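[1] kindly generate the corresponding structure for this input.
(one chain, ligands or ions: 2)
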Amino acid sequence: MDYRVTSATVEQTREWGKQLGGCLRGGDVVALIGDLGAGKTAFAQGVGEAFCVKGPMTSPTFTLIHEYLGQIKGTEVRLVHMDLYRLNHPEEAEVIGVEDAFQEDAVCLIEWPQIIEDFLPEDRLIVEILGSGEQPREIIFRGDERTWEQRLKNIEYEKARRIR
Ligand SMILES: Nc1ncnc2c1ncn2[C@@H]1O[C@H](COP(=O)(O)OP(=O)(O)OP(=O)(O)O)[C@@H](O)[C@H]1O
Ligand SMILES: [Mg+2]
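    Numbers count the residues shown, from 1 in each chain. Ligands and ions are numbered 1, 2, ... in the order given. As a prediction, the model looks like this:
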């Protein structure tokens, strides 16, 4: 299943993140793919908004993992935001506790997830952001149809074009 939406501004990218956030629940893992400066962190901030996360969500570029407390329909949930750009080996992911975040009480957003591709849960959703700089972005949601078709039904598809 692929859905493709477009974003002309950083605010729109955050808004798409917020819309996705409204579809997520504990246990979900979202892999954020895109070039440097594509807007992965901006998208993650939008998810945080949907979860009513307090305080600014900053890039975990240097710290690797940031954890926030959020809410989904009044129930507390951890929002774990990672950036694995600086990892060189999948084993390092184990050391920093990446898999601890794959729990039912947490939603996990992973920038630069490629290095742990083999450890990602099968039901992960991939969000790929194409474009960078001042270019408009294309944002593609890609996940297993049986899980995600239904889960993403509340995204405003009149704005989104289903491509496959
Ligand atoms: N349509 C757009 N969507 C998202 N960001 C945009 C857009 N247009 C311009 N920008 C700019 O692109 C930058 C995106 O930065 P962001 O930190 O979110 O990228 P990133 O993908 O997380 O990069 P990195 O791989 O370095 O972590 C911001 O400076 C933002 O203002
Ligand atoms: Mg980032």
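[2] right, and Val107 touches Leu24 too?
    Yes - judged on CB atoms under 8 Å, Val107 makes contact with Leu24 at a distance of 5.2 Å. C-beta: built from backbone N, CA, C; applies to glycine.
[3] common neighbours of the two, please.
    Counting by CB atoms under 8 Å, 6 or more residues apart in numbering, the residues touching both Val107 and Leu24 are 30, 47.
[4] neighbour-wise, which of those two wins?
    Neighbour count, other CB atoms under 10 Å: between Val107 and Leu24, Val107 has more, with 26 against 23.
[5] isn't there a strand covering that one?
    Yes - with DSSP: H, G, I helix; E, B strand; the rest coil as the criterion, Val107 is part of a strand.
[6] contact partners for it?
    24-30, 47, 51, 70, 77-80.
[7] with Gly39 instead?
    Shown in contact with Gly39 (CB under 8 Å, 6+ apart): 7, 10, 13, 129, 132, 137.
[8] which of the contacts of Val107 sits closest to Phe102?
    Set against Phe102, the nearest of the contacts of Val107 by CB to CB is Val29 (6.1 Å).
[9] check what pLDDT the closest one gets.
    The model reports Val29 with a pLDDT of 98.
[10] do the same with Ile96
    Confidence score, pLDDT, at Ile96: 87.
[11] do you know how far it is from Leu64?
    Distance from Ile96 to Leu64, counting by CB to CB, to the nearest Å: 6 Å.
[12] equivalent analysis for Gln12, please.
    Counting by CB to CB, the separation of Gln12 from Leu64 is 28 Å.
[13] ditto for Glu145
    Glu145 sits 32 Å away from Leu64, going by CB to CB.
[14] ok, the two, which is more surrounded?
    Leu64 (18 against 10).
[15] in the protein, what residue is nearest ligand 1?
    In the chain, the residue that lies nearest ligand 1 is Gly39 (2.8 Å; CB to the nearest ligand atom).
[16] look at the residue lying closest to that residue once chain neighbours are set aside and give its secondary structure.
    Sequence neighbours aside, Thr13 is the residue nearest to Gly39 in space, at 4.4 Å (criterion: CB to CB, 6 or more residues apart in numbering). Assigned with three-state DSSP, Thr13 falls in the helix class.
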